[in-house]
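give me a 3D structure for the following:
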Amino acid sequence: MIPLTAREKECLRGIKALTEDGVGPSFEELARFMGLCSKSGVSRLVGQLVSKGYLKRHPFRPRALEIIDPDVEGQLRSMIATHGLGKVWAAFEAAKAGSAA
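Prediction:
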C-alpha cells in the first residue's frame, strides 16, 4: 500500500479513537481532534485515505467511514492474483458489506 503522511496517520488515529458503536466521527469532530480550523482539511485527508486504500466511505450515509485493514486485504488480493480465487473475493466483499450494515 502507498505510505501515509503524518497528517494522514493522525486522521486514521482520530477516526479509530472517535468511532463509537460502529458510528464514525463527523468531520467537525475530526477537525477538533486534529486541531484543524476547518472541515475542508479533514475532507481532503479522508479523500486521500480513500484513494490510497486505507479507508472506505459509504455513499449516502453520514459518518460512514470504514477503516480497511491493509494486511488482510493485501493478502486476499495476493491469493486471488495467484490462484484466481474470484469466488473467495466475492464472499469476502459480501461479508464486509453485511458487517457494515
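
tell me the secondary structure at the residue lying closest to S26 once chain neighbours are set aside.
Leaving aside its sequence neighbours, S26 sits nearest to R63 (CB to CB, 6 or more residues apart in numbering; 6.0 Å). Yep, even glycine has a C-beta here, placed from its N, CA and C like the rest. The three-state assignment at R63 reads coil, by DSSP: H, G, I helix; E, B strand; the rest coil.

so what pairs up with the residue positioned nearest the centre of the chain in the strands?
Nearest to the mean C-alpha position of the chain, counting by CA atoms, centre = their mean, stands L55 at 1.7 Å. L55 has the following beta-bridge partners by DSSP bridges: I67.

how about the contacts made by it?
Counting by CB atoms under 8 Å, 6 or more residues apart in numbering, L55 touches L12, I15, V46, L49, L65, E66, I67, I68.

what distance do you get for the third one to K52?
What it means is V46. Per CB to CB, to the nearest Å, V46 is found 11 Å from K52.

looking at the two, which is more packed in?
Using other CB atoms under 10 Å as the criterion, V46 and K52 rank with V46 on top: 22 against 16.

any idea which helix or strand carries that one?
Per DSSP states H and E, V46 falls inside helix 39-51.

okay, that helix in PDB with CA atoms only?
Only the C-alpha atoms of helix 39-51 are listed here, as PDB (Å, rounded to 0.1, in the frame of the first residue of the first chain):
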ATOM      1  CA  LYS A  39     -13.700  20.700   8.000                       C
ATOM      2  CA  SER A  40     -12.300  21.100   4.400                       C
ATOM      3  CA  GLY A  41      -8.900  19.900   5.600                       C
ATOM      4  CA  VAL A  42     -10.500  16.800   7.100                       C
ATOM      5  CA  SER A  43     -12.400  16.200   3.800                       C
ATOM      6  CA  ARG A  44      -9.200  16.400   1.800                       C
ATOM      7  CA  LEU A  45      -7.400  14.000   4.200                       C
ATOM      8  CA  VAL A  46     -10.300  11.500   4.100                       C
ATOM      9  CA  GLY A  47     -10.300  11.700   0.300                       C
ATOM     10  CA  GLN A  48      -6.600  10.900   0.300                       C
ATOM     11  CA  LEU A  49      -7.000   7.900   2.600                       C
ATOM     12  CA  VAL A  50      -9.800   6.600   0.400                       C
ATOM     13  CA  SER A  51      -7.700   6.900  -2.700                       C
END
